[in-house]
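> Requesting a structural model of the entry that follows:
(chains A and B)
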Amino acid sequence: MSEKTLKSIRRVGYALWRAALRALPSVVGILIVVFLLLQMVPGDAADVLAGESGGATADTLAALRARFGLDHPILLQLLAYLNNLAHFNLGYSIRYNASVLDLILGRLPHTLVLMAAAQVVAVFGGLVVGALMAARAGKWTDRLLSLVSLVFYSTPSFWIGLMSLIVFSVWLGWFPSGGNITIGADLHGWAYIVDYLRHAVLPVLSLGFFFLSIYARLTRSAMLEIARQDFVRTAHAKGLHPLRVIVRHVLRCALLPVTTVAGMHFGAMLGGAAVIETVFSWPGLGRLALEAVLARDFSVLMGILLFSSFLVILTNVLVDVLQAWLDPRIKLA
Amino acid sequence: MTKALLELDGLNIHFPTQHAVRDLSLTVGQGETLALVGESGCGKSATALAITRLLAPNARVGGRILLDGENLLDFSPARMRAVRGRAISMIFQEPMSSLNPVLSIGTQLGEVLLQHEQLSRQAARQRAIELLDTVRIPEPQRRIDDYPHNLSGGQRQRVMIAMAIACHPRLLIADEPTTALDVTVQASILELLDKLRRELSMGLLLITHDLGLVSQWADRVAVMFAGEKVEEAVAAKLFAHPEHAYTRRLLASSLHFDQELHYHEARLPDTSEDAEDLQAHVPTGVPAANEAVVASQAPLLKLEDVHVAYRTGEKEFFAVKDLSFEIRRGETLGLVGESGCGKSTLSKTILKLIPAHSGRILLEGQDITRLGESAFRPLRAKIQMVFQDPYGSLNPRHTVEDILGGVLRAHGVADKTERHRRIVETLGHVRLSAKSLNRYPHEFSGGQRQRIGIARALILRPALVICDEPVSALDVSIQAQVLNLLVDLKQELGLSYLFISHDLSVVRYISDRVLVMQDGRCVEQGDYRSIWNAPQHPYTRSLIEAVPGQSRVQVAAA
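Residues are numbered from 1 along each chain as shown, chains lettered A, B, ... in the order given. Predicted coordinates for the structure are as follows:
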């Protein structure tokens, strides 16, 4: 490894560290606000447990609450939670009878696969479709693609998910309708991967297409804007092939706004993933969050919140690094 | 003239809304410099783009464009690509935006070499370094991996030139190659172009609005007006005996440094389209203010040892250093210097938009250096500013009434009829009719827009107007119009000006006293006669020497 690479790795690490430090106060602030808000939700974990077991006496409820520490004053509960957090303990799930960290780490990979795949589909698809639209601006290809992207842009992703379920898994039977693996198949190695991927296709596309259409429209407008710049005329005056001018000069510069927006939409995609996971019963963080709300299992919810904020911070830093790499005018501080 | 390299034969260019070029016929010989001169919108740039067939697809081109006798308009796109960058290359006006900001200059130089010549990447890189050396970029081995933003404007234009000459073109088209550059840089770029033209025996088509440049560098000149060629002649003859009325007007209205013209003695001939609405006014020169009276009054603005610093990270950078000067009532102080010398920082400091680091600024004897914003606010009306770009400095979504009324509202003129009265009065000062009130900036010409900008500065009845390059973005005839207006207004309203410009001819015409700045310091100041005729500082001398077209007097006299 050359000295230059080492140096840039150190710089990226430093940028990450600084971003985490900067974000720490806001993460703690959000946790406190959410904790207090959750207390306003009617009912608690004891109510839900009692309800599911078909009823309980007031004494049983009180005993349950005492066991989970739900009978303490709210402020004390909050302090206890923050104290645990300071010792890197995310707490214990009443509902699942497991440590929150284990629960989250079990679900996180599935969400990450879903989101990473959807982001890749959205960015690359968006760039290709957008470049095609820009190159054919005003012609029928452009109009058709604009129309299609408008449809995906304005349709809620759960609806796209439901429709794709009906068409591709119910009618055509091409893809499984839910879950992430075939239950009871006990597959290993290559077969497992193929099975996993087959399950992933519909959720990834349903989640990705909304963002794909956003990026495509952005790429189109950015490229049309850049195509008017003086340096593009310079490139043509050099005698370069038009395709080369588009890829090397126009698209290259259009990457900058697209990566910025893709980074900003990461949080939105996390929200979208929760919906898609529910539609496709994909065992990810989003579905866990929903289940945690229904069970009033707030320590799980808080844990998910914490992880998502770190995920968003991490992506933002990575986008910053990517930007600095794409645009020499930007310096990583 | 040697054998014709490029021949335009009855060239016509139609845009959907405009017949941009009409029946233009021109020839450029091998090793010859032909200047194509005209004001903005006359079709000169369209002609340049038509030759390389780089016009927008909605343009229709008729006639013939012959390169070595072959009509470029008949070439297939692939064959045309082989011509671009190889047989014909181009240099554009804006060195800031003509290079791709995200690719290194080595990559961009290599691109043209790899496109037209069978070279390995390594060889292309070597050639790129040699080319950078040819255009006199210092330390080319190190600079080749730099990005455009690491280079100064002049260096970027050198890189553009290196790119253009990379494949030894037969014809080089330079479209306003030095308009955006400082005078000293301008001179060295043109010298370089001329040297390369001789060494590579290229034909050079020099497109410009600057007659000074033309007189110094061109063999022959073609003058264009509204899409037509009105005159073509050998350069010396054109300047000595202009035949067409338009050429004569153009020559008359452009300021030349060696014309000893000053606003006390003469007005500039106004040849612009909207000249008639300005005609009603004083046609003669303005008598010099009584110098004894001027001297006896307290200075309107006085700067004492002013420093202005910018902080970038840990480092402190002084943009203005140890500057002292004063502007007396009714006086125009010309401020000359090249880009980055601290001119604009200085004007912002006087307006208190950025704080002075040390020193004192006195307005009518009152120290305003440490005045808080609320205390300074009433005094703001006394100092107003006219900006360079009449296109960028007016909000396109505001009508003239909004633009001018907003200023009054900000200064507490609450009564609507009072505002209206003052707006109409100020429009009268800048010779715009009250009909302009409900129109938007894009409905006006460049000169009219700059007059709106002047009205915005005048509506508060300031004592001092800071004019930051107010005519640099304008065509020569409009330049004359705006300068005349400024001279008239100074007399009518008793204004003082701080007139900032990089154009020595303009400063020479309008200033009573001149201050020369270099690297944030004042190197010389003096009255308008002594500073030009007996410059003391070497920097002032180098600025004066760099002004193009100084050989004209001799040519005209011959």
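
> And the spatially closest residue to A:D320 that is not a sequence neighbour, how close does it get to B:A56?
Excluding the flanking residues, the one nearest A:D320 by CB to CB, 6 or more residues apart in numbering or on different chains is A:A15, at 6.4 Å. Just so you know, the C-beta spots here come from the backbone N, C-alpha and C atoms, and that holds for glycine as well. Separation of A:A15 from B:A56 (CB to CB, to the nearest Å): 43 Å.

> the more surrounded of those two?
A:A15 (17 against 10; other CB atoms under 10 Å in any protein chain shown).

> Can you pull the residues of chain A lying near chain B?
A:229-231, A:233-241, A:248-249, A:252-253, A:256, A:326-329 (CB under 8 Å from any CB of the partner chain).

> Show me those residues that map onto helices.
A:230-231, A:233-237, A:252-253, A:256, A:326 (DSSP state H).

> Most widely separated two among these?
A:A237 and A:L326 (24.7 Å; CB to CB).

> How many residues are close by the closest residue to chain A within the stretch 151-300 of chain B?
With CB to the nearest CB, the shortest gap between the stretch 151-300 of chain B and chain A falls at B:M163, namely 6.9 Å. Neighbour count for B:M163, taken as other CB under 10 Å: 28.

> Which pLDDT value belongs to residue 29?
By default, I'm working from chain A. pLDDT for A:G29: 87.

> think we crossed wires, I meant chain B
Reported pLDDT for B:G29: 90.

> Who does it form a beta bridge with?
As for beta bridges, B:G29 partners with B:A4 under DSSP bridges.

> now it: how far from B:I207?
17 Å.

> Which parts of the stretch 1-150 of chain A are strands?
Ranges of strands in the stretch 1-150 of chain A, per DSSP state E, counting those that start in this stretch, are A:92-93, A:98-99.

> weakest of these by average pLDDT?
Out of the strands of the stretch 1-150 of chain A, strand A:92-93 stands lowest, with a mean of 80 (criterion: mean pLDDT).

> pretty sure the residue nearest to A:D320 is touching A:V321, no?
Yes - using CB atoms under 8 Å, A:A15 is in contact with A:V321, at 6.5 Å.

> Work out the gap between whichever helix or strand A:Y196 is part of and the centre of the chain.
Secondary structure assigned from DSSP states H and E places A:Y196 in helix A:189-227. Remark: helix A:189-227 is offset 13 Å from the chain centroid, using CA atoms, centre = their mean, to the nearest Å.

> Which elements pack onto it?
With contacts taken as 3 or more CB pairs under 8 Å, 6 or more residues apart in numbering or on different chains; DSSP states H and E, helix A:189-227 sits against helix A:100-135, helix A:140-154, helix A:157-164, helix A:252-264, helix A:266-279.

> Flag every buried residue along it.
By neighbour count with 16 or more other CB atoms under 10 Å in any protein chain shown, helix A:189-227 contains the buried residues A:195, A:199-224, A:226-227.

> burial count for the residue lying closest to B:M385 once chain neighbours are set aside?
Closest residue to B:M385 apart from its sequence neighbours, by CB to CB, 6+ apart: B:I466 at 4.5 Å. The tally of other residues near B:I466 (other CB under 10 Å) stands at 26.

> Next, B:I466: secondary structure please.
State at B:I466, reduced to three classes by DSSP: H, G, I helix; E, B strand; the rest coil: strand.

> how close does it sit to B:Q525?
17 Å.

> per-residue pLDDT, residue 48?
Going with chain A. For A:V48, the predicted pLDDT is 77.

> actually it's chain B I care about, not the one you picked
So, for B:A48, pLDDT stands at 90.

> That one: what's it in contact with?
B:36, B:90, B:173, B:175, B:205, B:207 (CB atoms under 8 Å, 6 or more residues apart in numbering or on different chains).

> where does B:L238 land in three-state SS?
helix.

> does it really touch B:E231, like I thought?
Yes - between B:L238 and B:E231 there is a contact at 6.9 Å, judged by CB under 8 Å.
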